[in-house]
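3D, please:
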Amino acid sequence: MVPQGGTLVRRTLALLVIVLAASSTSCSVRRMVANGIGNAISSGPDVFGSDNDPELVRDALPFGLKTMESLLLTVPKHRGLLLTTCKGFTEYAAAFVQMEADRIEPGDYAAANEMRERALKLYLRGRDYGLRGLALRNRGIGTQLQLDPKVAAARIGVKDVPMLYWTAAAWGSAISLGKDRADLLADLPAVRALVERGLALDEGYDAGAIHEAMIILEALPPAMGGSPDSARLHFERAVALSKGARASPYVTMAQSVSVLTQNRAEFDRLLHQALAVDPDRDPTQRLATLVLQRRARMLLQREDDLFLEPDTTKSEEHR
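Numbers count the residues shown, from 1 in each chain. Sure, this is the predicted structure:
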């Protein structure tokens with residue numbers, strides 16, 4: 001998650017005071033100070049990712065995101081800040097806005113829709129920061145991705161794989177929430193081109209995260225380029241690259257492909273595998289594991305709404 005928290009937040013506040021004090025001096029001084037803060041934020045330890053308290057992180061993240069946006073007004077081409085801001089908005093929207101919308105939907109459909117609209121806007125905000133980051137080495141790539149996605153994506157080099165991945169994650173997440181918006185659906189080829197380019201450059205990035213993105217793309221209807229068989233291959237590769245230490249491949253596969261193919265037994269098995277992952281096995285992924293395990297429990301609770309056929313296994317157990 002966004003690398004702020006505890007001592008780092010206090011340090012950032014102190015540095016922001018310096019920024020304000022420097023605002024009455026030269027622009028070069030403001031840029032120097034802002035660059036220093038940006039470097040500390042974007043390259044410091046990821047204290048949020050290892051946290052075991054999702055609510056604490058949820059409450060702290062907005063401050064961090066607005067801090068980074070403020071800094072980018074002074075240093076708009078800071079690559080590290082652009083990446084961290086893109087990632088931060090994407091993760092915040094997914095873990096704390098969209099998931100909350102899914103949780104409350106059975107009891108308050110209207111409120112859930114409002115939260116999904118908010119999540120969509122946050123994803124687009126993250127995407128725009130990611131595109132700005134990609135444009136630093138690939139001028140005009142945002143427009144070219146919409147006009148000629150494959151040619152545009154081919155311009156991206158291995159140094160930009162993290163920016164590529166988070167831009168695609170934000171963009172793809174927005175599309176998934178805006179399926180009734182033709183303008184967003186028209187961008188799907190751009191997202192696929194980015195993800196496929198990422199695989200070609202570094203398939204092992206972040207322990208198979210790009211393969212997880214491909215699971216979602218391959219869970220689309222065949223008319224939109226999806227293939228459940230291909231999704232399963234990407235799932236197997238994601239699990240292998242993560243060495244089974246991450247809950248995300250199991251949850252992604254269950255809520256996308258298992259639901260699409262109405263494979264209830266697979267759905268149950270995958271989500272229970274996600275719940276079996278020890279959050280402390282990879283401390284850097286502790287927060288992500290806890291959040292995804294919450295989603296796994298929520299999906300299991302809503303299982304009857306996701307599958308047309310009833311669950312016969314429980315009744316068979318009592319015979």
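
count of residues packed around Asp304?
By other C-beta atoms under 10 Å, 11 other residues sit near Asp304. (Each C-beta comes from the backbone N, C-alpha and C, glycine too.)

distance of it from Phe267?
12 Å (C-beta to C-beta, to the nearest Å).

Val191 now?
On the measure of C-beta to C-beta, Val191 and Phe267 end up 25 Å apart.

between those two, which is the more surrounded one?
Neighbours per residue (other C-beta under 10 Å) separate Val191 from Phe267, with Val191 holding more: 27 against 22.

where are the low-confidence patches of this protein?
1-26, 44-45, 47, 312-319 (pLDDT under 70).

swap in 80 and give it another go.
The model of the chain has pLDDT under 80 over residues 1-30, 33-42, 44-48, 50-51, 310-319.

and the strands in it?
Remark: no strands are assigned in the chain by DSSP state E.

okay, now Asp148: neighbour count?
Neighbours of Asp148 (other C-beta under 10 Å): 14.

got the phi/psi numbers for it?
phi -150, psi 80 (degrees, to the nearest 10).

gap between it and Arg155?
10 Å.

and Cys86, by the same measure?
Taking C-beta to C-beta, one finds Cys86 at 18 Å from Arg155.

the longest helix seen in the chain packs against which elements?
In the chain, taking DSSP state H as the definition, the longest helix is helix 109-135. Under the contact criterion of 3 or more C-beta pairs under 8 Å, 6 or more residues apart in numbering; DSSP states H and E, helix 109-135 touches helix 79-92, helix 99-104, helix 141-147, helix 161-177.

right, so of these, which gets closest to Tyr250?
helix 99-104 (16.1 Å; C-beta to C-beta).

on that earlier part again, can I get the helices and strands packed on helix 109-135 in CSV with distance to Ala200?
Below are the helices and strands packed on helix 109-135 laid out as CSV (distance: least, C-beta to C-beta, whole Å):
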stretch, distance to Ala200
helix 79-92, 20
helix 99-104, 31
helix 141-147, 16
helix 161-177, 10
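
which residues touch Leu188?
175, 220, 224 (C-beta atoms under 8 Å, 6 or more residues apart in numbering).

ok, now Leu194?
145, 149, 153, 156, 164, 167-168, 171.

10 Å instead, please
130, 134, 141, 145, 149, 152-153, 156, 163-165, 167-169, 171-172, 210, 213 (C-beta atoms under 10 Å, 6 or more residues apart in numbering).

my read: Ala238 touches Glu218, true?
No: assessed by C-beta atoms under 10 Å, Ala238 is found out of contact with Glu218, at 11.8 Å.

I figured Pro54 hits Leu287, correct?
Yes: counting by C-beta under 10 Å, Pro54 touches Leu287, with 6.4 Å between them.

any figure for the gap between Val277 and Glu117?
32 Å.

looking at the two, which one has more neighbours?
Comparing Val277 with Glu117 by other C-beta under 10 Å, the one with more neighbours is Val277, at 22 against 14.

buried only: go through the contacts of Leu188 for me.
Using 16 or more other C-beta atoms under 10 Å as the burial test, the contacts of Leu188 include 175, 220 as buried.

just the closest of the contacts of Leu188 to Arg31, please.
Distances from Arg31 to those, taken by C-beta to C-beta, are shortest for Ile175, at 35.5 Å.

contacts only, for the closest residue to that closest one other than its chain neighbours.
Closest residue to Ile175 apart from its sequence neighbours, by C-beta to C-beta, 6 or more residues apart in numbering: Leu184 at 4.9 Å. Shown in contact with Leu184 (C-beta under 10 Å, 6+ apart): 120, 123-124, 171, 174-178, 191.

now, which of these sits nearest Pro62?
Nearest member of these to Pro62, counting by C-beta to C-beta, is Tyr123, at 15.5 Å.

how close does the closest one get to Asn35?
For Tyr123 relative to Asn35 (C-beta to C-beta), the value is 28 Å.

neighbour count for these two, which is higher?
Tyr123 (28 against 16).

reformat the contacts of Leu188 as JSON lines; add distance to Glu100.
Shown next, in JSON lines, are the contacts of Leu188 (distance: C-beta to C-beta, whole Å):
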{"residue": "Ile175", "distance to Glu100": "20"}
{"residue": "Leu220", "distance to Glu100": "25"}
{"residue": "Met224", "distance to Glu100": "28"}
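
in this structure Ala276 contacts Gln293, no?
Yes: using C-beta under 10 Å, Ala276 makes contact with Gln293 at a distance of 9.4 Å.

how many residues are close by the residue nearest to Leu124 when sequence neighbours are not counted?
Closest residue to Leu124 in three dimensions, ignoring its sequence neighbours and counting by C-beta to C-beta, 6+ apart: Ala174, at 5.1 Å. A count of nearby residues for Ala174, using other C-beta under 10 Å, gives 24.
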